[in-house]
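1. pasting the sequence and the predicted model now:
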Protein chains: 2
Amino acid sequence: MLERSSKEVSTAGGDRVALRLDFRAVTSRSVTLIDVARAAGVSKSTASNALGGSGRVSEATRAHIQDVARQLGYRPNSAARSLRRASTGAIGLHLPRTATRLDYYMNLAFGAVERAREDGLDLVLLAPGSVAGGGLAARVDGLLVIDPEVDDPEVPDLLDAGVPVVTGERYLGGGVAPSGAVVCDNAASLIALLDHLAERGARRPALLAPDPGSDWAAALRAAAGAWSRREGVEVAVRTVPFAATPVEAEAATAELLGGPVDADAVVCAPDGAVPGVLAAAARAGRRVGTDLLVAACVDGAAARGSGPQVTAVDLRPSEYGRACAALLSDLLAGAVEPGAVRRHDWALKVRASTAGRRTA
Amino acid sequence: MLERSSKEVSTAGGDRVALRLDFRAVTSRSVTLIDVARAAGVSKSTASNALGGSGRVSEATRAHIQDVARQLGYRPNSAARSLRRASTGAIGLHLPRTATRLDYYMNLAFGAVERAREDGLDLVLLAPGSVAGGGLAARVDGLLVIDPEVDDPEVPDLLDAGVPVVTGERYLGGGVAPSGAVVCDNAASLIALLDHLAERGARRPALLAPDPGSDWAAALRAAAGAWSRREGVEVAVRTVPFAATPVEAEAATAELLGGPVDADAVVCAPDGAVPGVLAAAARAGRRVGTDLLVAACVDGAAARGSGPQVTAVDLRPSEYGRACAALLSDLLAGAVEPGAVRRHDWALKVRASTAGRRTA
DNA sequence: CGGCCGTGCTGGATCGTTCCAGCAGGCGGC
DNA sequence: GCCGCCTGCTGGAACGATCCAGCACGGCCG
């Protein structure tokens, strides 16, 4: 059954518009630029110019064409546009393989999506192994590579994909340099955290950090060393996986409590592992916040949701994602030179886990 | 400086191939099907047939063309292909607005990405508001809408986008029916959970669940009612947000402990809120696992990482994502009729939080 | 008044792929 | 021996947007 559209366009081409709407109802073909042009009584070039904002079109004509396009429900065919413009209108997002479980990356991804969307870019999630599968470079205009780890075999291929790449944090491996990067001052944030702990009475702080295969972890370890030298206080460092589980952190923490180290403050770099630190503290009979101060280098659901809540460095992942997408977008638009590096700010969230002794 | 390519193709058209390679080096234009055809000494139609697997091509010719294509580094232009085939090779993924923080959805998303990739589909992450922004339907061949909530204003638009839609869990709102759905038997999983709690000694179980705006929450509430009637034991139900925070869960739990309800087991539907339940238990002086049993309807980092670890229904989000993508892929391929519904299995993960009294 | 320029619009070519009609030639059946 | 069919391949026409050369027209200047 063919229903006549109730919506008609009140222009010179009105009857033809209704005709085309009916046509659509039957074949479900989509409205093309030519349909709009015909309905508006202009050529497709003018229609294109009017809708695209380019070229020379009188204000009256432009308004009329936009009106017609809206009423017909015109939406540009992105494939055709991509073909002609030699760009896909999409960017790819690569996240660390091991850490996809962390809500940190979820927030970052959605920040990036939103920002990309504002510039008309789609964001496609890159599956592990999508590079080897080929066909990648053809499908995206640029890439976001977040927390590139040196032992991630895909990162070099991504950097060499022939499209602009923005990394979140620096890439410590060699090869093709990325076109841009957004970096955090992780050294400064850890130093702020250690200062905070010291101020709250910590004398023997310890750090659980991944091996220095990522810029983040490397910066943390370097900062711990620098702080040690500056303060004349040794920071005990233990290695945990990049996406450590609570169980792994619990074992590492147990080793730090008592024994030769006998830490009175533990900084756990990966936020997902924080509950393990708390569990180890409970097991050792230490009261978190007074007997043992606990903090994390990344804020997340685990740090916010634990009891007591855990002091952490808020890397503001959503804004971080936005910043990465914004930089890539600027690179694609040619608004910024390749090699650009932008800084992203963090904030210290002080919570109950570092309350300190009242009497300190 | 123009370097002569060292790689030449040993065919009749060899010299022309080298020429074109040089050309590429200068202009950095990519290799097209026509380049391959010329180099192989066939027409573009034959080249297309040989590489695409369709049409009638002799085995010898096909092998030769594939060889040439590989040597030239040919990769099909997806925009041109999309334009011609009227399909984009990408699917969209929509997640609940409120719950993007949960690692559950992160895992689900990556499961879907991987499965889509296996069928050559890209997965684009849909930003909140991308529907209203327009340009959506044109860019994807199909949509994955996960845990559609009735009060999500975007869902009706997505269902009406004119492309096949697969929902994860059913959509309780009206409007256009989705083309497919992957569902969990959430009623069965909650009943299994309640049975488990009863077996471990619980006599006054309580449930924290969102309001019935999603199929999941509605099924949980219905199942709690059914179980109450079957067992003759009232299940106290309190409402928490879909993506409840620990603080919200703590308040709700505090109300259940002591007072008229005096629950001895709490089932917390959203996993992210579990730490709040544990905190309330600690505050009330209840020992989790013996004095108070605690469980969650979704397994996740919070349930696994807390101390003690919390019994939960593992919805296997990664496989869930794979199943959704697989169904959509089948729908797009026409391998399955619209309206198809597939079932996804869950598993009960029993952990320390429901150990029960030794003497029970 | 003629040349020139700027404005507003047009038609055609183009991007790289797939699809379709069709053609040459070999071969088997009647 | 002719017809028709099957195999293997070809050329051209889409797909829908953008870009470019160019055209008509009116106004301005010398």
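-> Alright, I've got the coordinates.
2. which SS state does A:P241 fall under?
-> Put simply, A:P241 is coil when judged by DSSP: H, G, I helix; E, B strand; the rest coil.
3. would you agree it is in contact with A:V247?
-> No. Here A:P241 does not reach A:V247: they are 10.9 Å apart, not a contact under CB atoms under 8 Å. Heads up, the C-betas are built off the backbone N, CA and C, glycines and all.
4. nearest spatial neighbour of A:A187, skipping sequence neighbours?
-> With CB to CB, 6 or more residues apart in numbering or on different chains as the criterion, A:A187 has its nearest non-adjacent residue at 3.8 Å, and that residue is A:A223.
5. quick check, the one you found in a strand?
-> No. Counting by three-state DSSP, A:A223 falls outside a strand, being helix.
6. got the contact list for it?
-> With contact taken as CB atoms under 8 Å, 6 or more residues apart in numbering or on different chains, A:A223 is in contact with A:N186, A:A187, A:A188, A:L190, A:I191, A:L194.
7. please convert those residues to CSV, extending it with distance to B:D152 and pLDDT.
-> Converted to CSV, the contacts of A:A223 look like this (distance: CB to CB, whole Å; pLDDT from 0 to 100):
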residue, distance to B:D152, pLDDT
A:N186, 37, 96
A:A187, 42, 97
A:A188, 40, 97
A:L190, 40, 97
A:I191, 43, 97
A:L194, 44, 97
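8. which of those has the most neighbours?
-> Compared across those, A:L190 has the highest neighbour count, 27 neighbours, by other CB atoms under 10 Å in any protein chain shown.
9. thought that residue was touching A:W227?
-> Yes. Using CB under 8 Å, A:L190 is in contact with A:W227, at 7.4 Å.
10. mutual contacts of the two, please.
-> Taking CB under 8 Å, 6+ apart as the criterion, A:L190 and A:W227 do not both touch any residue.
11. sec struct for the nearest residue to A:A323 once chain neighbours are set aside, please.
-> With CB to CB, 6+ apart as the criterion, A:A323 has its nearest non-adjacent residue at 4.8 Å, and that residue is A:V182. Under three-state DSSP, A:V182 falls in the strand class.
12. for A:V182, what are its contacts?
-> Shown in contact with A:V182 (CB under 8 Å, 6+ apart): A:V166, A:T167, A:G168, A:E169, A:Y320, A:A323, A:C324, A:L327, A:V341, A:R342, A:R343, A:H344.
13. give me the mean pLDDT for the helix or strand hosting the fifth one.
-> Secondary structure from DSSP states H and E places A:Y320 in helix A:317-333. The average pLDDT for helix A:317-333 rounds to 96.
14. quick one: it near DNA strand D?
-> No. Contact between helix A:317-333 and DNA strand D is absent, the nearest approach being 13.0 Å (criterion: CB under 7 Å from any atom of the strand).
15. how many other residues sit next to A:P205?
-> 25.
16. and it, what's its pLDDT?
-> At A:P205, pLDDT is 96.
17. show me what it is bridged to.
-> Per DSSP bridges, the residues bridged to A:P205 are A:A265.
18. one more: A:H344?
-> Judged by DSSP bridges, the bridge partners of A:H344 are A:C184.
19. quick one on the thing from earlier: a markdown table for the contacts of A:A223, including secondary structure and distance to A:L207?
-> Formatted as a markdown table, the contacts of A:A223 follow (DSSP: H, G, I helix; E, B strand; the rest coil; distance: CB to CB, whole Å):
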| residue | secondary structure | distance to A:L207 |
| --- | --- | --- |
| A:N186 | helix | 12 |
| A:A187 | helix | 13 |
| A:A188 | helix | 15 |
| A:L190 | helix | 8 |
| A:I191 | helix | 12 |
| A:L194 | helix | 8 |
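20. need the residues of chain A near DNA strand C, please.
-> So far as CB under 7 Å from any atom of the strand goes, chain A lies against DNA strand C at A:42-46, A:49, A:55-58, A:60-61, A:80, A:83-84, A:86.
21. got a PyMOL select line for the buried ones in these?
-> The PyMOL selection below is limited to those of the residues of chain A next to DNA strand C classed as buried (16 or more other CB atoms under 10 Å in any protein chain shown):
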select buried, chain A and resi 42+46+49+57+61+80+83
